[in-house]
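J.: Following is a predicted model, sequence given first.
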Protein chains: 2
Amino acid sequence: MRIALLLFFTLILVLPTQANDGYKLWLDYQPIENSTLKDEVGELMNGIYLFDQGPTFEIIQSELSLASEKMLGASIDFKKINREKSLLWIGTREQLLPFLSASLESEIKNLGEEGYWMGMIESDGAKHFTIVGNQPVGTLYGVFNFLQNIQKGTFDKNTLISDYPKVKIRMLNHWDNLDRTVERGYAGFSIWDWHKLPEYIDPKYKDYARANASIGINAVSLTNVNANALVLTTDFMKKVKVLADLFRPYGIKVYLTARFSAPMEIGGLETADPLDPEVQSFWQKKTDEIYSFIPDFGGYLVKANSEGQPGPHEFGRDHSQGANMLAEALAPHGGLLIWRAFVYSHEVDEDRHKQANLEFIPLDGNFRDNVILQVKNGAIDFQPREPFHPLFGAMKETQVGMEFQITQEYLGQATQLVFLAPMWEEVLKSKTFRPTANSTVSEIIQTPVSPRQVTLMAGVSNIGNERNWTGHLFAQANWFAFGKQAWNPEINSDQISEDWIKLTFGQTQELVSKINQIMLPSHEAAVNYMTPLGLHHIMGRGHHYGPGPWVTGGRADWTSLYYHRADSLGIGFDRTSSGSNALSQYAPEIANNWSNTSQIPEKYLLWFHHVPWDFKMKSGKTLWKEIALHYDQGVKSVAEMQNIWASLENDLDAERWDHVNQLLAVQRTEAEWWRNACLLYFQTFSQRPFPAEIEQPAGDLDYFKSLSFPFAPGIRPSW
Amino acid sequence: MRIALLLFFTLILVLPTQANDGYKLWLDYQPIENSTLKDEVGELMNGIYLFDQGPTFEIIQSELSLASEKMLGASIDFKKINREKSLLWIGTREQLLPFLSASLESEIKNLGEEGYWMGMIESDGAKHFTIVGNQPVGTLYGVFNFLQNIQKGTFDKNTLISDYPKVKIRMLNHWDNLDRTVERGYAGFSIWDWHKLPEYIDPKYKDYARANASIGINAVSLTNVNANALVLTTDFMKKVKVLADLFRPYGIKVYLTARFSAPMEIGGLETADPLDPEVQSFWQKKTDEIYSFIPDFGGYLVKANSEGQPGPHEFGRDHSQGANMLAEALAPHGGLLIWRAFVYSHEVDEDRHKQANLEFIPLDGNFRDNVILQVKNGAIDFQPREPFHPLFGAMKETQVGMEFQITQEYLGQATQLVFLAPMWEEVLKSKTFRPTANSTVSEIIQTPVSPRQVTLMAGVSNIGNERNWTGHLFAQANWFAFGKQAWNPEINSDQISEDWIKLTFGQTQELVSKINQIMLPSHEAAVNYMTPLGLHHIMGRGHHYGPGPWVTGGRADWTSLYYHRADSLGIGFDRTSSGSNALSQYAPEIANNWSNTSQIPEKYLLWFHHVPWDFKMKSGKTLWKEIALHYDQGVKSVAEMQNIWASLENDLDAERWDHVNQLLAVQRTEAEWWRNACLLYFQTFSQRPFPAEIEQPAGDLDYFKSLSFPFAPGIRPSW
């Protein structure tokens, strides 16, 4: 007996040591260690009264049950709870109406469909901590907020909280192909196992929906914007319906990418001309059919006349004619047409930077009000750092939404820890000076141009079928950050990282502080060792893995030379009036300021100017020296990230620690490779020595040029 | 305090309910419930003395630690153990020599490099349960056997066990491409993340090696037999070396697929002629280079002059000249050249069934003694049921090995529960009547033709990056079974399934019996609803998913008609002397017997005979009726599998139960589809009604024919 008891207790000690594979994301509720908080939460959790039933409240119930079991080791018996004796009330405004003061009711009502309120309510002299949403999904968001505050150790039942999303559509764009490969995917295959749908429903689908709901994501485009028309066939609709049904109670709507030439590919027509009645009829019928399967289908996301995708131009029509035709089919059902502004013509006669504005500004005012333009954060293509896209603020009568890239195509792909929130924050908080003097990108994407229009923030997903969802554990933080920034584009990145660290690793101050010191500078580090001072698009061709400033040949704007323009005189792309004049597409306040090499923020210098190697920077150093120092600083920053992580070995589970530790070593190697390859290459133009104070770039430029990566991930398989 | 204690105990009750995602395979040690066994094992585990150190003994130590923690809730302190007081001794024969009698020592020695012995040894009057191998890896196999016996509840310390593998090379063939797609893979991407190697070492690699070692697999070919020469470049060698180093202490050697045209593709030569001195030199240098990275590299696996792969025929040379040239390069290092016998010429002038024998028998005696021919179990291609390949027994001076397909290309792919051990057992136990009257396939592959030659059983892997390794949970049983049958080709499948069930689900008699009733008949069920009575190769073209008996057009032997030959008179492929005479390639005892429609086992009838629709079967029924009954019986069997599984809902964890339950429903749908499509199609020839006693095939043949599966898994991505 004694031995049995001993074994029993040993068992308890042994269990928590099991490996953490990262599958549970930021939702891995841990036992509450603070006894005061534990008592307080224990009391609340011991008597939860749910005012509603239905699918979303079932999710709320199971989330609370799981949290209670994990945080408190106690199960909740919802059936036994008496409403009046319950300390925690959860419901919708309508159900809680009898207990709300008129002013509180009105306050809650103003939070909108997805908003929630929580705080103490008195009824018959008893106090009830109450979580209330206008709709079930708002209540769900409130419950997740409540649980996250507990897990972060910041919960206080006497603090009122009310919140609502500042952007209407907070959306993941999966660039997932129907064969389960993922364009620019670095976490394995697509999680959508189309072949087994609709019959087999992977439990992962629910875990995915739960994770999204927990950070406020309410829309998902399932398929690659380089689209395959087959997803619009009836066979696939049945599959999509399964996902839509699963996601609905989590407040998530499903969208599909619509291939513009679908009428020809699956409709048997000889044209996809948007003004052709047969084409219009095809899309109407097709759209009606989708809604017959999925009554709350979100709409279409379209990439047209860009990088070889078909579009209205083939038929002599413009973007607005193409978009409006699809929007017309969606309108009767309340669907949205999302048209991507990432377009550029095949004949490169203008600076690619300018093409979106050139194509879309003339169309401003032509779009139906259920059309939204989805604009990438910058004018080129998800570079490590880009100035904000000049379309933001330039379109007066057209709704524009933001497209960020969560997957790290240009930012370290599968192997680098780069926390993207600071980059997104930089873009969101950029002043556009249009439409008003105080406008920012953030404000523009939060403000509908007409009452009937919606706002949008989209993020290109970094999710795949690897066990930890995102390949690199820290890439989970980018998924999390995207949700938080889409909910509130004004949030600071350090608040996001702190929350994510607490939910993912633990609450101790030292842990949070150290991991923050890794995450927060990681983006600047990547910019430094890849593309400092406004350099851009100098990575390997096609796969975009590693440095390739020497890439030439073929289409001009697919070469690196086109972007860096290094020569014996200097380096950088002249986009001032003496060059492509792309700067003129910004508000005059910006154009004037940035036209001047002594006024433009140095981080954008080479983006807009061709600058002599001996140009004197603000530091007093020459441009050449400053470039070299930045590259070197990038490497040093990674070394520092490694050091901090090494110091955490005993504070974290071995599996996650080792995973990140290995990848940081890879990142160090890759950062050195970037620095050495780029500096050796640019030196062939600058003809100047490396500064003495940096680690001298080593290696052989020809060797770097010779490297090839035929199996780099995220591109068309070579098999 | 009381509440805390209460919570604490609730926590214990709550923890085991967590989901089982299948990752731990058959190695998920569970607490021992039988108290007698638990005491006995507890006593042994409490004092383990390891006679050796080194990498393999570190693995042994950590396996024992894990098992003890999970089974007993007790950790083992190896450092504190005094040898004489230890009850469990583990070491190699050499170290244990002082304690072994001369006869026991000799008995153990005869078990060979990988064999092991366990039992009681007395020393100084004390008894020690001892696990001893001739080499560390043998000891590791012994320890796995010991732990599995405990987990199965069959351990008895007073039973002597000695065992050794009956086949020398027990090998997985991964058909994994370098871009992580997997040919005929149904479990996601390749687990080999080449892009991140050699820097990033996924912890999964070790778990993979451990799983293989636990079932005696000792060789792995990492790459697709449709090979890419780039795996032989120095860059890739560095990656392969990492895996080889990891696998070595688990007793696993690494092999690579060698593309015959590599000298042209990566060697800069203009020929790959095996008699060309430059080509020979290329392979010698390349092979030397591999061995400089991996001193115990296993060798090459080659698919040549088959399905478009390059080979010696392009240069006017024969298979033996091609194989010997590569074998020559490997010989100085002790490497093995495995040459696949799955070849057929592009010009179909002969029954494809005959081609391997036609090509290889004339070469018998020409191969170097470090060459082994790897022969598929049947002459066509991994069909649901095939008679054994006539090369077994036909080659007198050439070593032949077996190639089974673990991945279920033709046997349900991602969605069907088909336990393959009975199929493999049927092949292995087939009498060949050559080289002796009592020969069997099993005996042939266990017997080296010369003392210097090795024996081989290879299985095409079903492993991918899905969390449960194999996609379908029950596909794990096929991986397990392959290991067990490669270790001992004489083992019975019901012993394998019983072991697997106990290790995977639990020991209760009812559980074992019920799951056995699902697994053991599952192969016959699949044969019935797909290809009964000797039908073969009538599945969808290319992807091989679902029925396609109507497939015609293009190359003759890639059509279904070529194989089933249905017409108004009857059905089946005449391979007797009145037809292709493939039967003559078997021993006369078989050829004579099977030439007779009344003597041939009915399961092979249509494989060898074109039989009239009204032919009277042994049951007294007509062939047409018998075919229909078999198809219907296949569906009924799946329904029965579903019923049994449904009855287990409360005996299993919800996650695994639901996963299998869903997939069985899919399998039922697919079985009905096979039955309906095939019977409706064959009826267009037979022109006879369906028997009244079966469920009448429903559906529209044109509809079945119209189905297309452009994104079926396991084939070249269509992106």
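T.: Looks like it came in fine. Source: prediction; values computed, not measured.
J.: Return the residues in contact with the closest residue to chain B within the stretch 501-650 of chain A.
T.: Of the residues in the stretch 501-650 of chain A, the one nearest chain B is residue A:545, at a distance of 8.1 Å by CB to the nearest CB. For every residue, glycine as well, the C-beta is placed using N, CA and C. Contact analysis of residue A:545 by CB atoms under 8 Å, 6 or more residues apart in numbering or on different chains lists A:413, A:539, A:709, A:712.
J.: most neighbours, which of those residues?
T.: Counting neighbours by other CB atoms under 10 Å in any protein chain shown, the top entry in the contacts of residue A:545 is residue A:413, with 28 neighbours.
J.: what about the nearest residue to that one once chain neighbours are set aside, helix or strand, and which?
T.: In this structure, residue A:413 finds its nearest non-sequential neighbour in residue A:186, 4.9 Å apart by CB to CB, 6 or more residues apart in numbering or on different chains. Under the criterion of DSSP states H and E, residue A:186 resides outside all helices and strands.
J.: Mind pulling up the pLDDT for residue A:186?
T.: Residue A:186 carries a pLDDT score of 97 in this model.
J.: That one touches residue A:715, doesn't it?
T.: No: using CB atoms under 8 Å, residue A:186 is not in contact with residue A:715, being 10.9 Å away.
J.: The two - which one has more neighbours?
T.: Neighbours were tallied for residue A:186 and for residue A:715 using other CB under 10 Å; the higher tally belongs to residue A:186 (26 against 19).
J.: tell me the contacts of that one?
T.: Contact analysis of residue A:186 by CB under 8 Å, 6+ apart lists A:407, A:408, A:413, A:414, A:462, A:464, A:471, A:472, A:475, A:713, A:714.
J.: need the residues you listed in JSON lines with pLDDT and secondary structure, can you?
T.: As requested, the contacts of residue A:186 are arranged in JSON lines below (pLDDT from 0 to 100; DSSP: H, G, I helix; E, B strand; the rest coil):
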{"residue": "A:407", "pLDDT": "98", "secondary structure": "coil"}
{"residue": "A:408", "pLDDT": "98", "secondary structure": "coil"}
{"residue": "A:413", "pLDDT": "97", "secondary structure": "coil"}
{"residue": "A:414", "pLDDT": "92", "secondary structure": "coil"}
{"residue": "A:462", "pLDDT": "98", "secondary structure": "coil"}
{"residue": "A:464", "pLDDT": "98", "secondary structure": "coil"}
{"residue": "A:471", "pLDDT": "97", "secondary structure": "coil"}
{"residue": "A:472", "pLDDT": "98", "secondary structure": "coil"}
{"residue": "A:475", "pLDDT": "98", "secondary structure": "helix"}
{"residue": "A:713", "pLDDT": "94", "secondary structure": "coil"}
{"residue": "A:714", "pLDDT": "93", "secondary structure": "coil"}
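J.: So which bits of the stretch 301-450 of chain A are right by chain B?
T.: Contacts of the stretch 301-450 of chain A with chain B, taken as CB under 8 Å from any CB of the partner chain, map to A:414, A:415.
J.: residue boundaries of the helices in the stretch 301-450 of chain A?
T.: Ranges of helices in the stretch 301-450 of chain A, per DSSP state H, counting those that start in this stretch, are A:319-330, A:352-360, A:421-428, A:441-446.
J.: Can I get those helices in CSV including mean pLDDT and mean neighbour count?
T.: CSV is the format used below for the helices of the stretch 301-450 of chain A (pLDDT from 0 to 100; neighbours: other CB atoms under 10 Å in any protein chain shown):
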stretch, mean pLDDT, mean neighbour count
helix A:319-330, 98, 24
helix A:352-360, 94, 21
helix A:421-428, 98, 24
helix A:441-446, 98, 23
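J.: Could you point out which of these sits nearest residue B:279?
T.: For residue B:279, the closest of those is helix A:352-360, at 47.9 Å, according to CB to CB.
J.: from the chain's centre, how far out does the closest one sit?
T.: Its chain's average C-alpha position is 24 Å from that of helix A:352-360, according to CA atoms, centre = their mean, to the nearest Å.
J.: What angle do helix A:319-330 and that helix make with each other?
T.: Helix A:352-360 runs at 60 degrees relative to helix A:319-330, counting by axes from the mean of the first three to the mean of the last three CA atoms, to 10 degrees.
J.: Can you name the residues of the stretch 51-200 of chain A sitting close to chain B?
T.: A:69, A:72-75, A:177-181, A:183, A:188-189, A:194-196, A:199-200.
J.: Quick one, which of these are buried?
T.: Neighbour-count burial (16 or more other CB atoms under 10 Å in any protein chain shown) applied to those gives A:69, A:72-74, A:177-181, A:183, A:188-189, A:194-196, A:199-200.
J.: Could you list which of these belong to helices?
T.: If you go by DSSP state H, those have A:69, A:72 in helices.
J.: So which of the buried ones among the residues of the stretch 51-200 of chain A next to chain B are in strands?
T.: Using DSSP state E, the subset of those located in strands is empty.
J.: Report the contact partners of the closest residue to residue A:545 other than its chain neighbours.
T.: The shortest distance from residue A:545 to any residue other than its chain neighbours is 4.4 Å, reached at residue A:712 (CB to CB, 6+ apart). With contacts defined as CB under 8 Å, 6+ apart, residue A:712 is in contact with A:413, A:540, A:543, A:545, B:195.
J.: Doesn't residue A:712 belong to a strand?
T.: No: with DSSP: H, G, I helix; E, B strand; the rest coil as the criterion, residue A:712 is assigned coil and is not in a strand.
J.: If I look at it, what pLDDT would I see?
T.: Residue A:712 is given a pLDDT of 93.
J.: Ok, residue A:181 next?
T.: Confidence at residue A:181, expressed as pLDDT, is 94.
J.: pretty sure it is in contact with residue A:192, am I right?
T.: No: using CB under 8 Å, residue A:181 makes no contact with residue A:192, being 11.3 Å away.
J.: tell me, what's touching the two both at once?
T.: Common neighbours of residue A:181 and residue A:192, counting by CB under 8 Å, 6+ apart, are absent.
J.: wait, what's in contact with whichever residue of the stretch 551-700 of chain A sits closest to chain B?
T.: At 4.4 Å from chain B, residue A:666 is the closest residue in the stretch 551-700 of chain A, using CB to the nearest CB. Neighbouring residues of residue A:666 by CB under 8 Å, 6+ apart: A:415, A:416, B:196, B:199, B:200.
J.: So it: helix, strand or coil?
T.: helix.
J.: buried stuff in stretch A:624-640?
T.: Of all the residues in stretch A:624-640, those buried under the rule 16+ other CB under 10 Å are A:624-638.
J.: Report the backbone C-alpha coordinates of that stretch in CSV.
T.: Output in CSV follows, covering the C-alpha atoms of stretch A:624-640 (Å, rounded to 0.1, in the frame of the first residue of the first chain):
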residue,chain,number,x,y,z
TRP,A,624,28.9,52.6,-47.6
LYS,A,625,30.1,52.4,-44.0
GLU,A,626,26.6,52.7,-42.7
ILE,A,627,25.3,49.9,-44.9
ALA,A,628,28.1,47.7,-43.7
LEU,A,629,27.4,48.5,-40.1
HIS,A,630,23.8,47.8,-40.4
TYR,A,631,24.4,44.4,-42.0
ASP,A,632,26.8,43.6,-39.2
GLN,A,633,24.4,44.9,-36.5
GLY,A,634,21.8,42.5,-37.9
VAL,A,635,24.1,39.6,-37.2
LYS,A,636,25.0,40.9,-33.8
SER,A,637,21.4,41.2,-32.9
VAL,A,638,20.8,37.5,-33.7
ALA,A,639,23.8,36.6,-31.6
GLU,A,640,22.2,38.5,-28.8
